[in-house]
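Engineer: here is my input; please provide its structure:
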Amino acid sequence: MNYKGVLFFVLFFFTSNSLISQKNIHDIWNSELKKYVDEEGNVNYRMWKKNSKLLETYLINLENNPPINQWTKNDSLAYFINAYNAVTVKLILDNYPLRSIKDLIIPWWLKRFRLKNEKITLNFIEHKILRKMDEPRIHFAINCASRSCPKLQNEAYYSHKLEIQLDNATSEFINDQTKNKINVNRLMLSKIFSWFKNDFGNKIQLLKFVNKYSRIKILENTRIEYLNYDWNLNEKLLK
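Structural biologist: Numbering: from 1, shown residues only. Sure thing, here's the model as predicted:
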């Protein structure tokens with residue numbers, strides 16, 4: 001018997017299936033987002049709470065299919081961005097109705113997700129995983145269920161189109177006048193740029209980053225101020 005051939009087949013089979021499942025694992029989340037999130041990122045928590053079984057299934061699927069060595073950086077980024085957003089939505093649904101995520105006690109320190117054999121927090125996903133991947137655009141993809149946050153997109157993040165999705169999310173956030181107020185000589189940015197300033201570099205690097213996406217180009221000597229943050233729930237207001 002050709003044991004090397006058998007071993008190669010087994011390894012190829014399991015690796016291929018792991019990669020295929022990673023590609024399709026976010027489809028449930030994608031469908032749920034399209035159902036309960038509008039184009040402006042407003043979330044119909046009231047209806048979602050009545051039909052949250054698929055969200056629970058998705059989170060279980062994520063926990064049962066953690067990243068493996070064969071995954072690319074974009075595979076892992078998509079996995080953890082989606083995980084962060086789905087865990088946040090589930091946290092809100094479990095406590096709905098509420099006016100703000102900050103009504104909850106230490107929401108970002110609650111152990112709500114299992115990664116392999118360890119329960120982890122939203123803070124762990126954001127600071128110990130996503131921020132360590134040297135990709136500042138993640139700050140415009142993850143959503144904290146609040147008005148001033150980058151909007152929750154009504155589609156899942158997928159590794160095969162992640163570059164376009166991250167660019168679009170970043171551009172949309174930077175050019176949203178409710179999140180940032182930009183003109184040539186005055187720049188009022190979201191507090192996200194202050195909280196995570198180490199991820200964007202010094203002032204020149206930050207302006208270069210903003211100018212890459214902003215429709216209005218900013219001068220290097222522009223003064224930077226930071227806007228107040230609205231923590232009210234990003235809820236779709238029903239008539």
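Engineer: SS state for the closest residue in space to Ile125 that isn't next to it in sequence?
Structural biologist: Distances taken as Cβ to Cβ, 6 or more residues apart in numbering place Tyr84 nearest to Ile125, at 4.9 Å, with adjacent residues excluded. For every residue, glycine as well, the C-beta is placed using N, CA and C. Under the three-state scheme (DSSP: H, G, I helix; E, B strand; the rest coil), Tyr84 adopts helix.
Engineer: let me see the contact set for Tyr84.
Structural biologist: Going by Cβ atoms under 8 Å, 6 or more residues apart in numbering, Tyr84 touches Leu122, Ile125, Glu126, Leu130, Ile142, Asn143.
Engineer: remind me which residues of the protein are low pLDDT?
Structural biologist: Judged against pLDDT under 70, the low-scoring parts of the chain cover residues 1-23, 239.
Engineer: contact partners for Tyr213?
Structural biologist: So, once contact is read as Cβ under 8 Å, 6+ apart, Tyr213 ends up touching Asp167, Thr170, Ser171, Ile174, Asn175.
Engineer: stretch 89-103: end-to-end distance?
Structural biologist: This stretch, stretch 89-103, spans 15 Å end to end (Cα to Cα, to the nearest Å).
Engineer: my bad, should have said stretch 213-231
Structural biologist: 25 Å.
Engineer: how close does the closest residue to Leu219 other than its chain neighbours get to Thr178?
Structural biologist: Distance criterion Cβ to Cβ, 6+ apart; nearest residue to Leu219, sequence neighbours excluded, is Val184 at 5.9 Å. Val184 sits 20 Å away from Thr178, going by Cβ to Cβ, to the nearest Å.
Engineer: likewise for Ile92?
Structural biologist: For Ile92, the distance to Thr178 - Cβ to Cβ - is 21 Å.
Engineer: looking at the two, which is more packed in?
Structural biologist: Ile92 (23 against 11; other Cβ atoms under 10 Å).
Engineer: residues in contact with stretch 179-190?
Structural biologist: 148, 150, 173-175, 207, 210, 214, 216-219, 222-227, 229.
Engineer: buried subset of the contacts of Tyr84 as a ChimeraX selection?
Structural biologist: Paste this into ChimeraX to select the buried members of these, with burial taken from 16 or more other Cβ atoms under 10 Å:
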select :122,125,126,130,142,143
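Engineer: adding distance to Leu115, write the contacts of Tyr84 out as a markdown table.
Structural biologist: Formatted as a markdown table, the contacts of Tyr84 follow (distance: Cβ to Cβ, whole Å):
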| residue | distance to Leu115 |
| --- | --- |
| Leu122 | 12 |
| Ile125 | 8 |
| Glu126 | 13 |
| Leu130 | 13 |
| Ile142 | 16 |
| Asn143 | 20 |
